[in-house]
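S.K.: Task: produce atomic coordinates for the following.
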Amino acid sequence: MKKANNKLEATSEIVAVPFSPTAQNGKEGLGSESSSKSVGRLKEDVQKPKLKSFASFLDEEHGPIGTKSREDFQKSYEYFNLGELIKEVRIQRGLTQEQLAEKVGMNKSYISRIENSAKDIRFSTLLKIIGAMDARFRYAIDLV
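M.R.: All right, here's what the predicted structure looks like:
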């Protein structure tokens with residue numbers, strides 16, 4: 001994987017290995033020692049990805065639950081998630097930010113800041129925006 005333009009892109013690489021089905025005149029063949037060494041090097045070069053759970057990733061990047069860093073991350077994630085949900089519903093309803101802003105009596109930049117998690121939003125404003133998109137707000141409170 002490589003990072004380009006702030007997006008992860010999968011990359012693949014083809015490695016050429018000398019091959020001939022039979023050894024002729026001292027050259028490599030499928031069962032030759034030299035051929036086995038080449039294949040062995042390929043196996044060593046291919047590394048298995050080190051997979052970890054999302055929880056352990058969060059622990060490593062932001063500290064364990066209860067630390068200030070982790071709490072700050074969780075809070076910013078909630079704002080991000082809410083902004084993305086509003087944006088997704090707006091797009092599904094075929095509305096532009098400007099059209100939604102007009103329906104709720106706000107300006108386009110305010111809607112943009114909410115969608116990009118750069119603006120705290122009052123609960124009454126949230127309900128107004130959701131109502132303008134003919135949607136319903138459902139919520140849950142999780143005990144920690």
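S.K.: which residues does residue 101 contact?
M.R.: 107-108, 110-111 (CB atoms under 8 Å, 6 or more residues apart in numbering). Bear in mind the C-beta positions are built from the backbone N, C-alpha and C, glycine included.
S.K.: element containing it, please.
M.R.: Under the criterion of DSSP states H and E, residue 101 resides in helix 97-104.
S.K.: for the very next helix or strand once past that helix, packing partners?
M.R.: Taking DSSP H and E as the definition, the helix or strand that follows helix 97-104 towards the C-terminus is helix 108-115. Other helices and strands packing on helix 108-115, by 3 or more CB pairs under 8 Å, 6 or more residues apart in numbering; DSSP states H and E, are helix 68-92, helix 97-104.
S.K.: one step back: measure how the helix holding residue 101 sits relative to helix 108-115, angle-wise.
M.R.: The directions of helix 97-104 and helix 108-115 differ by 100 degrees, with axes from the mean of the first three to the mean of the last three CA atoms, to 10 degrees as the criterion.
S.K.: May I see the domains of the chain written out as residue ranges?
M.R.: Domains of the chain are assigned by automatic domain parsing as 2-45, 64-132.
S.K.: element containing residue 118, please.
M.R.: Residue 118 is located outside every helix and strand, with elements delineated by DSSP H and E.
S.K.: Equivalent analysis for residue 59, please.
M.R.: Assigned by DSSP H and E, residue 59 falls within helix 54-62.
S.K.: on that earlier part again, could you dump the contacts of residue 101 to JSON lines with distance to residue 122?
M.R.: Putting these into JSON lines (distance: CB to CB, whole Å) gives the following:
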{"residue": "107", "distance to residue 122": "16"}
{"residue": "108", "distance to residue 122": "18"}
{"residue": "110", "distance to residue 122": "11"}
{"residue": "111", "distance to residue 122": "14"}
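S.K.: Compare these and tell me which is most surrounded.
M.R.: Neighbours here are counted as other CB atoms under 10 Å. On that basis the top member of those is residue 111, with 26 neighbours.
S.K.: Now for that one: which residues touch it?
M.R.: Applying CB under 8 Å, 6+ apart, the residues near residue 111 are 86, 90, 97, 100-101, 129.
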